[in-house]
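> Could you work out the structure for the sequence below:
(chains A and B, ligands or ions: 2)
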Amino acid sequence: MNIEHFLKHAPKCVVESGEHSDIVMTTRIRLARNIANIRFPLSFSQQEANGVQEKLMKALLTPQEQLNFSYFKMADLSQLERQLLVEKHLISPYLAKHKEVSAVFLSSDESTSVMINEEDHLRIQVLSPGMQLMETYEYASELDDRLGKQVSYAYDEQFGYLTSCPTNVGTGLRASIMMHLPALTMSKQMNVLIQMMTRLGMVVRGIYGEGSENLGNIYQISNQVTLGKSEREILEELQKVVEQIIEKERNARKKLLERAQVTLDDRVNRALGTLRYARVLTSEEAASCLSSVRLGVDLKLIQGISPSCLNECVMLIQPGFVQQYAGTMLDAVDRDIYRAKYVREKLDNDSLITGEKGEETYDV
Amino acid sequence: MICEHCKQRHASVTVTKVQNGQAVAKHYCEHCASKFHPFQTDIQEEPVALHQLISNWFGVPMWKSTQTEEKKATQSTCPSCGFTYRQFLKQGKFGCTECYNTFRDQLPPVLSRLQAGTSHTGKSVVISMEQLKQKIEEIRQQMQHAIAEERFEDAAKMRDEIKSIQHKLDAGGVDV
Ligand SMILES: [Zn+2]
Ligand SMILES: [Zn+2]
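Ligands and ions are numbered 1, 2, ... in the order given. Now for the predicted structure:
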């Protein structure tokens, strides 16, 4: 499959819904692996880098796997193409940056990517909609075992799977849950919760990378520890924490509705008005309005807009997607103009699709 | 609480450093915390010798150790990638798998600060086809020896072992 297939739309896992998908957007599992007897990307030679790529091509382009995977060297992609893959979370910014040595295998449904020569030789990543920690891990683990037969992994009886950074050693597992927590943020409970989660060994981040903190009230919660606990323990602990947060968010939403329904109704509909009619839209404003509208949809204060369209917009408001939509390089001012147009179009199209259904369910 | 570093953003990350055997809690914002990787330290804030800061992080009391021990710890060099232990502490990364062997004795205190334990308790690695082939080759050589020494019973056992591994290999490395 050519690269265009992976650049046009938001990935399926973002658009589809899963368990608790009113609050949990996606589940991501990442496994870090290295190949025995080849130095880590930090200190390997270009020759070793090529060797890793070749070994993985043999392993992943076998008759059984090749139907599913497409292979791209980072050096063969344009800057914009790499950026779009980063914005879709199909590759990491680190992989895009080290383009001389790195490559990626992408499954055609975009649920799975195998990054080559990131900080480790291999980073297996599987994305699922909603909350599906165990299922997504099982899926990643099966691919891991199939690959482990084709290439010899670097593994140590004491330290487990060996990785370049000691924060990944052992299981090499990083499980992340992306959550939309508008009510907890509005009621100023997040700071306390973040501290609680940090104490429980979790890492909390914003979705658009470092420094973006809670843009759009979206938080990514992941496990910190990879050694000294089994995969199951790590996943169960994360699951417990996330379930608690879900419950707290649900309660906070209920309280908001009880105590300030009119204010809330006004706020989410104003946000919808901005998205529908604004002619200039910064990414901050877009993210904040999308969050409010999403909350409005989840609380049935807004009808006729699908959650999947809003999820898609959360991804499409990023600079790379706006540039692709415009079809030309943009400065910051033009970008905000095109972003407004893009979001407007997406919402209009969505109304066309959900319009009839929207009317049927309109009488509440 | 305001971030202790930039004094602008809200502090959402609590970092506990160990300084001279005492735990000190520092509060940073997400942005500043990401810059203070556990291996890097805030030099501006605390003008202490770098190696002491690093050892403080891990509670490895380097300044207390005898000179020879310190030399041994900091001078061991990975034969495969050339990383020294000091370089590892500074960068916070290993250069290759051999680093784990080279610094094996020094790692548990480092790992126990970052991790829940110092031993892997999760899933075991699968054996690759390449490793199965190597295994067959090893046994084959042992079998030649056994035959040369007329230990035919041993040789027969080894032949069966080879057969079963070969069987596995033919099935694509799947346990049968
Ligand atoms: Zn700060
Ligand atoms: Zn090394």
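> all contacts plus neighbour counts: C-alpha atoms, from now on.
Noted.
> chain center to stretch A:341-352: distance?
23 Å (CA atoms, centre = their mean, to the nearest Å).
> Would you mark the buried spots in that stretch?
A:341-344, A:346-347, A:350-351 (16 or more other CA atoms under 10 Å in any protein chain shown).
> Kindly report the same for stretch A:259-277.
A:264-265, A:267-269, A:271-272, A:274-276.
> Tell me the one of these nearest ligand 2?
Ranked by distance to ligand 2 (CA to the ion), the buried residues of stretch A:259-277 are led by A:Leu275 at 53.0 Å.
> so what's that closest one up against?
A:Leu275 makes contact with A:286, A:289-290, A:340, A:343-344, according to CA atoms under 8 Å, 6 or more residues apart in numbering or on different chains.
> Output these as JSON lines; include the columns secondary structure.
Below are the contacts of A:Leu275 laid out as JSON lines (DSSP: H, G, I helix; E, B strand; the rest coil):
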{"residue": "A:Ala286", "secondary structure": "helix"}
{"residue": "A:Cys289", "secondary structure": "helix"}
{"residue": "A:Leu290", "secondary structure": "helix"}
{"residue": "A:Ala340", "secondary structure": "helix"}
{"residue": "A:Val343", "secondary structure": "helix"}
{"residue": "A:Arg344", "secondary structure": "helix"}
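> In TSV: these, plus pLDDT and distance to ligand 2.
Below are those laid out as TSV (pLDDT from 0 to 100; distance: CA to the ion, whole Å):
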residue	pLDDT	distance to ligand 2
A:Ala286	95	47
A:Cys289	96	49
A:Leu290	96	47
A:Ala340	97	51
A:Val343	96	50
A:Arg344	95	53
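> which parts of chain B sit against chain A?
B:12-14, B:30-31, B:34, B:80-81, B:92-97, B:111, B:114-131, B:173 (CA under 8 Å from any CA of the partner chain).
> Of the residues you listed, which count as buried by neighbour count?
Applying 16+ other CA under 10 Å to the residues of chain B next to chain A flags B:12-14, B:30-31, B:80-81, B:92-97, B:111, B:114-122, B:125-129, B:173 as buried.
> low-scoring stretches of chain A, by residue?
A:207-214, A:354-364 (pLDDT under 70).
> Geometric centre of it: which residue is closest?
A:His89 (4.9 Å; CA atoms, centre = their mean).
> Tell me the spacing between that residue and A:Arg28.
10 Å (CA to CA, to the nearest Å).
> B:Pro109 too?
Where A:Arg28 is concerned, B:Pro109 sits at a distance of 30 Å (CA to CA).
> Same question for A:Asp336.
In terms of CA to CA, A:Asp336 sits 30 Å off from A:Arg28.
> Can you show me the helices along the chain?
This is for chain A. A:12-15, A:46-60, A:79-87, A:93-97, A:133-150, A:182-186, A:190-199, A:231-277, A:283-298, A:307-316, A:319-326, A:332-360 (DSSP state H).
> ah, I was thinking of chain B
B:30-35, B:50-58, B:67-75, B:85-91, B:97-102, B:107-114, B:129-148, B:152-170.
> Can you mark which positions in the longest strand seen in chain A are buried?
Longest strand in chain A, counting residues (DSSP state E): strand A:24-33. Buried residues in strand A:24-33, counted by 16+ other CA under 10 Å: A:24-33.
> Reformat the contacts of A:Leu275 as JSON lines; add distance to chain B.
Below are the contacts of A:Leu275 laid out as JSON lines (distance: CA to the nearest CA, whole Å):
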{"residue": "A:Ala286", "distance to chain B": "22"}
{"residue": "A:Cys289", "distance to chain B": "22"}
{"residue": "A:Leu290", "distance to chain B": "23"}
{"residue": "A:Ala340", "distance to chain B": "28"}
{"residue": "A:Val343", "distance to chain B": "29"}
{"residue": "A:Arg344", "distance to chain B": "32"}
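> could you redo the buried residues of stretch A:341-352 as TSV and give each row distance to B:Met143?
Shown next, in TSV, are those (distance: CA to CA, whole Å):
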residue	distance to B:Met143
A:Lys341	75
A:Tyr342	71
A:Val343	71
A:Arg344	75
A:Lys346	70
A:Leu347	73
A:Asp350	71
A:Ser351	75
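> Now these in JSON lines, please, with extra columns for distance to ligand 1.
Conversion of those to JSON lines gives the following (distance: CA to the ion, whole Å):
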{"residue": "A:Lys341", "distance to ligand 1": "35"}
{"residue": "A:Tyr342", "distance to ligand 1": "34"}
{"residue": "A:Val343", "distance to ligand 1": "33"}
{"residue": "A:Arg344", "distance to ligand 1": "36"}
{"residue": "A:Lys346", "distance to ligand 1": "37"}
{"residue": "A:Leu347", "distance to ligand 1": "37"}
{"residue": "A:Asp350", "distance to ligand 1": "40"}
{"residue": "A:Ser351", "distance to ligand 1": "42"}
